[in-house]
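> predicted model, plus sequence, below.
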Amino acid sequence: MVPISQKIYALDDIWQMDFEKYPLASHYNEYPFLVFENLVSKDECKRALNSLSNCDYKAKLVGSGLDESIRKTIIHTPTKEIKEVFEKAFFAIKEKVEKFYGVSFLKGTELQVLEYKEGGFYKCHADNASEIVKNGKLVGYKVVKPERKLTTLMFLNDDYKGGEVEFCHLRFANGDRVIHKPKAGEMIVFPSHGLFSHEVKPVHGNNRFAVVKWWDVI
């Protein structure tokens with residue numbers, strides 16, 4: 001395994017593949033990604049969630065026709081309240097993220113609200129690239145959304161079972177998988193390229209809500 005931080009390693013075969021691995025943080029950091037807890041309060045998260053079902057605002061569903069063998073997700077357009085909560089969280093950590101990765105933020109994509117109902121999941125995937133598979137084996141990644149270089153993912157609730165995020169190609173020194181259980185009001189930031197491919201484990205009991213925005217950086 002190849003160390004990409006003090007505590008996290010990349011699998012050898014993935015690291016050696018020829019695909020874009022920008023950006024990466026310094027390997028002197030404990031972790032190659034960032035987890036910011038308690039950026040917004042649970043009350044703020046609750047108000048944001050309630051805005052989705054507010055009778056004065058009917059969230060438009062987008063992303064119809066998703067392949068449910070790969071992902072089972074409902075994608076909502078964000079309400080004003082959700083946008084405000086996300087912006088508050090993002091601007092609280094923006095400078096820290098730029099310093100951590102040695103980048104400057106450019107334009108971001110539109111926000112998406114991701115709802116995983118019971119049984120919802122998302123198999124291992126990269127946020128900006130498609131897998132290149134030959135003879136049933138992963139051999140690399142092809143960038144298909146170059147405007148996505150950093151992923152910012154904020155969670156609005158944690159009153160569900162399952163729904164963990166696993167970074168498929170990363171391991172701890174002892175070989176344990178890198179799995180994170182999100183908390184309400186928390187934001188995770190990580191590169192969007194193939195090295196940080198990740199999956200959302202199946203959700204059990206209650207629905208899981210997250211807000212995602214992808215960023216171009218230099």
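Noted; the coordinates are in hand. None of the values given here were measured: they were computed from a predicted structure. Numbers count the residues shown, from 1 in each chain.

> which non-adjacent residue is nearest residue 117?
In this structure, residue 117 finds its nearest non-sequential neighbour in residue 207, 5.1 Å apart by Cβ to Cβ, 6 or more residues apart in numbering. For the C-beta atoms, the positions are set from N, CA and C on the backbone; glycine is no exception.

> I should have written residue 150 there, sorry.
Leaving aside its sequence neighbours, residue 150 sits nearest to residue 215 (Cβ to Cβ, 6+ apart; 4.6 Å).

> the one you found against residue 148, yeah?
Yes. With contact defined as Cβ atoms under 8 Å, residue 215 reaches residue 148; the gap is 7.4 Å.

> okay, and the common contacts of those two?
Contact criterion Cβ atoms under 8 Å, 6 or more residues apart in numbering; residues shared by residue 215 and residue 148: residue 109.

> for this protein, which residue is closest to the average position?
The centre of the chain sits closest to residue 153, judged by Cα atoms, centre = their mean, with a distance of 4.7 Å.

> which helices and strands sit right next to the longest strand along the chain?
Ordering each strand of the chain by length in residues (DSSP state E) puts strand 208-217 first. Using 3 or more Cβ pairs under 8 Å, 6 or more residues apart in numbering; DSSP states H and E as the contact test, the elements touching strand 208-217 are helix 80-101, strand 105-108, strand 112-116, strand 150-155.

> please work out which of the ones you listed is packed deepest.
Comparing the helices and strands packed on strand 208-217 by mean neighbour count (mean count of other Cβ atoms under 10 Å), strand 150-155 ranks first with a mean of 24.

> quick check: angle from it to helix 80-101?
Interaxial angle of strand 150-155 relative to helix 80-101 (axes from the mean of the first three to the mean of the last three Cα atoms, to 10 degrees): 130 degrees.

> report the contact partners of residue 178.
Residues near residue 178 by Cβ under 8 Å, 6+ apart: 8, 166, 167, 170, 171, 172.

> switch to 6 Å and redo it
167, 170 (Cβ atoms under 6 Å, 6 or more residues apart in numbering).

> residue 189 too?
For residue 189, the contact set (Cβ under 6 Å, 6+ apart) comprises 34, 97, 152.

> run through the chain and note the low-pLDDT ranges.
Counting by pLDDT under 70, the ranges of the chain that qualify are 54-65.

> I'd say residue 205 and residue 161 touch.
Yes. Applying Cβ atoms under 6 Å as the test, residue 205 and residue 161 come out as touching, 4.8 Å apart.

> more neighbours, the two?
A count of neighbours by other Cβ atoms under 10 Å puts residue 161 above the other of residue 205 and residue 161, at 14 against 10.

> any idea how far the closest residue to residue 38 other than its chain neighbours lies from residue 114?
Using Cβ to Cβ, 6+ apart and skipping the chain neighbours, the partner closest in space to residue 38 is residue 185 (5.4 Å). Remark: distance between residue 185 and residue 114 (Cβ to Cβ, to the nearest Å) = 16 Å.

> do a quick rundown of the helices in this protein.
Here the chain has its helices, by DSSP state H, at 12-15, 42-52, 80-101.

> any chance of those helices in a markdown table, plus distance to residue 136?
Formatted as a markdown table, the helices of the chain follow (distance: least, Cβ to Cβ, whole Å):
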| stretch | distance to residue 136 |
| --- | --- |
| helix 12-15 | 14 |
| helix 42-52 | 40 |
| helix 80-101 | 34 |
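
> quick one: which of those is nearest residue 196?
helix 12-15 (10.3 Å; Cβ to Cβ).
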